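Asker: I need the structure of the sequence given here:
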Amino acid sequence: MDDKVRFTVGILGNGASLLLYTAPILTFSRVIKKRNTEEFSCFPYVMTLFNCLIYTWYGLPIVSHLWENLPLVTINGVGILLESIFIFIYFCFASSKEKIKVGVTFVPVMVVFALTTVVSAVVLDDHHHRKSFVGSVGLVASISMYGSPLIVMKKVIETKSVEYMPFYLSFFSFLASSLWLAYGLLSHDLFLASPNMVGTPLGILQLILYFKYKNKKELAPTTMVMNKWTDDEKNKTTRELVVDVDDRDGDANEKKFNNAC
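Answerer: Sure thing, here's the model as predicted:
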C-alpha cells in the first residue's frame with residue numbers, strides 16, 4: 001500500500017514538474033517574438049538544468065538501487081531537454097554582456113556535473129555511498145534552483161511589478177516542490193525531501209509577492225518622460241502668464257502716469 005501511494009505521488013510530482021518545466025514556453029515565445037531577452041534572467045534556467053542533470057543521474061541504477069527512483073529519471077530527462085532549449089534560445093537573443101553571464105554560470109555547472117558522475121561511478125563502489133554523494137550535490141543543486149527566483153523576487157519588490165515573474169512559473173514551482181517533498185518523505189529519502197523543504201516555502205513566498213503586486217505596474221520610463229515634459233510645459237505656461245500680467249500692469253501704470261502729466 002505504501003509503495004502504491006509513493007508511486008502515485010511520484011506520478012503527480014512528474015505532472016507538476018512537467019508543468020513547471022514547460023511554463024517558460026510563454027516567456028520564450030515573447031523573447032523570440034521581440035528578439036530580445038529584456039529583463040529576464042537566465043540564471044534560474046541554468047540552475048534548473050543543473051538540478052535535472054543531477055537527479056536524472058541520481059535516479060539511474062548506477063546510483064539508486066535498480067529502478068526504485070524511476071519517476072526521477074523520466075521527468076528530469078524531459079527537464080534536461082526543455083531547459084537546454086530555453087538556454088539556447090536565451091543565448092541567441094541575449095546581449096553580449098548577458099551571454100558572458102550565461103557562460104560564467106553554465107560552464108561551472110557542467111564541470112560540477114561531470115565531476116559528480118566520474119566520482120560516483122569510478123571512485124565510489126556501492127549504492128549507499130553513491131546515493132549519499134550524489135544526493136548531497138543534488139541538495140545544493142535543488143536549493144540553487146529554488147533559490148534562483150530570489151533575484152526576480154528582489155526586482156518585483158523594487159519595481160512593484162510582477163511582469164518578469166509569471167504566475168504559472170511560481171505556482172507550478174510550489175506545486176512540484178510540495179509533491180516531491182511528500183515523495184521524499186514517503187521514500188524515507190532525506191536527499192529528496194530536504195531540498196523541497198526549502199523549495200515549498202520559497203514557492204509560497206513567490207505566490208504572496210505575486211498577489212501583492214499583481215495589480216501594480218512599474219511606471220514606464222516613457223511615461224516618466226512625458227510627465228516631466230508636461231510639468232515643464234505647465235511651468236513654462238505659468239511663467240509666461242506671470243510675465244504677461246506683469247507687462248500689463250506695467251503698461252497700465254505707464255498710461256496713468258502719462259495722463260497725470
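
Asker: Let me see the residues that make contact with stretch 140-149.
Answerer: Identification of contacts with stretch 140-149 by CB atoms under 8 Å, 6 or more residues apart in numbering yields 41, 43-44, 47-48, 50-51, 53-55, 165, 169-170, 173, 177, 195-196, 198-199, 202-203, 206. For every residue, glycine as well, the C-beta is placed using N, CA and C.

Asker: got it, and stretch 150-158?
Answerer: Residues from elsewhere that reach stretch 150-158 (CB under 8 Å, 6+ apart): 39, 41, 43-44, 162, 164-165, 202, 205-206, 209-210, 213.

Asker: Mind listing what's buried along that stretch?
Answerer: 152, 153, 155, 156 (16 or more other CB atoms under 10 Å).

Asker: Stretch 174-181 too?
Answerer: Here stretch 174-181 shows 174, 175, 176, 177, 178, 179, 180, 181 as buried, counting by 16+ other CB under 10 Å.

Asker: buried set for stretch 136-146?
Answerer: 137, 138, 139, 141, 142, 143, 144, 145, 146.

Asker: and those residues as a markdown table, adding distance to residue 101, pLDDT and secondary structure?
Answerer: A markdown table is the format used below for the buried residues of stretch 136-146 (distance: CB to CB, whole Å; pLDDT from 0 to 100; DSSP: H, G, I helix; E, B strand; the rest coil):
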| residue | distance to residue 101 | pLDDT | secondary structure |
| --- | --- | --- | --- |
| 137 | 23 | 92 | helix |
| 138 | 24 | 89 | helix |
| 139 | 25 | 87 | helix |
| 141 | 19 | 87 | helix |
| 142 | 22 | 83 | helix |
| 143 | 20 | 81 | helix |
| 144 | 15 | 81 | helix |
| 145 | 17 | 81 | helix |
| 146 | 20 | 77 | helix |
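
Asker: ok, of the contacts of stretch 150-158, which come out buried?
Answerer: The neighbour-count test (16+ other CB under 10 Å) marks 41, 43, 44, 162, 164, 165, 202, 206, 209, 210, 213 as buried among those.

Asker: Restricted to helices, list the buried residues of stretch 150-158.
Answerer: Among these, the residues falling in helices (DSSP state H) are 152, 153, 155, 156.

Asker: In those residues, which has the lowest confidence score?
Answerer: Of all these, residue 152 has the smallest pLDDT value, namely 77.

Asker: That one and residue 146, how far apart?
Answerer: Here residue 152 is placed at a distance of 12 Å from residue 146 (CB to CB, to the nearest Å).

Asker: Please save the CA atoms from stretch 132-146 in CSV.
Answerer: Only the C-alpha atoms of stretch 132-146 are listed here, as CSV (Å, rounded to 0.1, in the frame of the first residue of the first chain):
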residue,chain,number,x,y,z
SER,A,132,25.0,9.9,-0.3
PHE,A,133,27.4,11.7,-2.5
VAL,A,134,25.1,12.4,-5.5
GLY,A,135,22.3,13.3,-3.1
SER,A,136,24.5,15.9,-1.4
VAL,A,137,25.3,17.5,-4.7
GLY,A,138,21.6,17.3,-5.6
LEU,A,139,20.7,19.1,-2.4
VAL,A,140,22.9,22.0,-3.4
ALA,A,141,21.5,21.9,-6.9
SER,A,142,17.9,22.0,-5.8
ILE,A,143,18.4,24.8,-3.3
SER,A,144,20.1,26.7,-6.1
MET,A,145,17.2,26.1,-8.4
TYR,A,146,14.5,27.0,-5.8
